[in-house]
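Trainee: Build me a structure from this.
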Amino acid sequence: MGNCKSFIFIVIFGLLPVYPAYGKNLGTIGMTYPIVEPDLVEEIKASIDYEKLAKVMEENRQNYKAKDIYALPTAIRDRTFFVDMTYTLDHDILGENGEIMYQRGLTWNPLDYVSLPGGLVVINSEDVKQVEWFVKSPYNKNRQIKLLISAGLAAPLIKQLNRPVFYLTKTIADRLQLAAVPCVITQNGKKMMVQEIKIDGSIYK
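Mentor: Residues are numbered from 1 along each chain as shown. Okay, the predicted model is just below:
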């Protein structure tokens, strides 16, 4: 709430006009009275319903949905496949002085240099069965697992599961060749293993 007030004050002071003072002292003519005028800032502060403002901000947060969320269909069968993460540069990567650091055509595998502990799980959070499957699965208790959703809102799920939830993007789906949910992605040597899971009759893999 303090941040909201500070932001409002900055906006108020930023909008208040500042005029330079010109003129001469003409002396005193007639009777003078003290200038009594309301404090504009205090009046604006008093008119703000901070509780209502906080409620609106919370509603916006709860209803936030990523524009680039990538939807996937429900898995109709159990399927496991491997993805080669080898990547070939399609352009030169230059250094600060314009020299070529990495040349176009260079092929490399990021898994030669980094590892993915835990892995990823992707579900459709609008599908009650998929959410229930994740809750009952061992993946829910593994905090190294990153949970992504291909549909729905993250905020309610974050509250329900008390864990971070991320949105699946087309870039991630394409790179990992994802085609259906729920699916589990883990590192298997120098490749990524993708397991699509049909919930009905399937075991937790």
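
Trainee: only C-alpha atoms for contact and neighbour calcs from this point on.
Mentor: Will do.

Trainee: So, low pLDDT: which residues of the chain?
Mentor: 1-66, 201-205 (pLDDT under 70).

Trainee: tell me the contacts of the closest residue to Gly95 other than its chain neighbours?
Mentor: Excluding the flanking residues, the one nearest Gly95 by CA to CA, 6 or more residues apart in numbering is Met101, at 5.8 Å. Shown in contact with Met101 (CA atoms under 8 Å, 6 or more residues apart in numbering): Asp92, Ile93, Leu94, Gly95.

Trainee: Could you check which helix or strand contains Ile134?
Mentor: Slight slip there: residue 134 is Phe, not Ile. Using DSSP states H and E, Phe134 sits in helix 128-136.

Trainee: just checking, next helix/strand downstream of the helix or strand harbouring the residue nearest to Gly95?
Mentor: Assigned by DSSP H and E, Met101 belongs to strand 100-102. For strand 100-102, the following helix or strand on the C-terminal side (DSSP H and E) is strand 107-108.

Trainee: Can you tell me the strand partners of that next one and which way each runs?
Mentor: As defined by DSSP bridges, the strand partners of strand 107-108 come to strand 87-88 (antiparallel).

Trainee: Need the contact partners of the partner strand.
Mentor: So strand 87-88 is in contact with Arg104, Gly105, Leu106, Thr107, Trp108, Asn109, going by CA under 8 Å, 6+ apart.

Trainee: and with 7 Å instead?
Mentor: Gly105, Leu106, Thr107, Trp108, Asn109 (CA atoms under 7 Å, 6 or more residues apart in numbering).

Trainee: Contact partners for the second one?
Mentor: Looking back up the chat, that one is Leu106. For Leu106, the contact set (CA under 7 Å, 6+ apart) comprises Thr88, Leu89.

Trainee: With the first one instead?
Mentor: The contact partners of Gly105, by CA under 7 Å, 6+ apart, come to Thr88, Leu89, Asp90.

Trainee: Could you give me the buried positions within stretch 116-130?
Mentor: Gly119, Leu120, Val121, Val122, Ile123, Asn124, Ser125, Gln130 (16 or more other CA atoms under 10 Å).

Trainee: Let's see that stretch as CSV, backbone CA atoms only.
Mentor: Taking Å, rounded to 0.1, in the frame of the first residue of the first chain, the C-alpha atoms of stretch 116-130 are listed here in CSV:
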residue,chain,number,x,y,z
LEU,A,116,18.3,-28.8,-15.8
PRO,A,117,17.7,-30.1,-12.3
GLY,A,118,14.2,-31.3,-11.6
GLY,A,119,12.7,-30.6,-15.0
LEU,A,120,9.4,-29.1,-16.2
VAL,A,121,5.8,-30.1,-16.0
VAL,A,122,3.2,-28.6,-18.4
ILE,A,123,-0.6,-28.8,-17.7
ASN,A,124,-3.8,-27.1,-18.8
SER,A,125,-4.9,-25.4,-15.6
GLU,A,126,-8.5,-25.1,-17.0
ASP,A,127,-8.7,-28.9,-17.0
VAL,A,128,-9.7,-30.0,-13.5
LYS,A,129,-8.4,-33.6,-14.1
GLN,A,130,-5.0,-32.3,-15.1
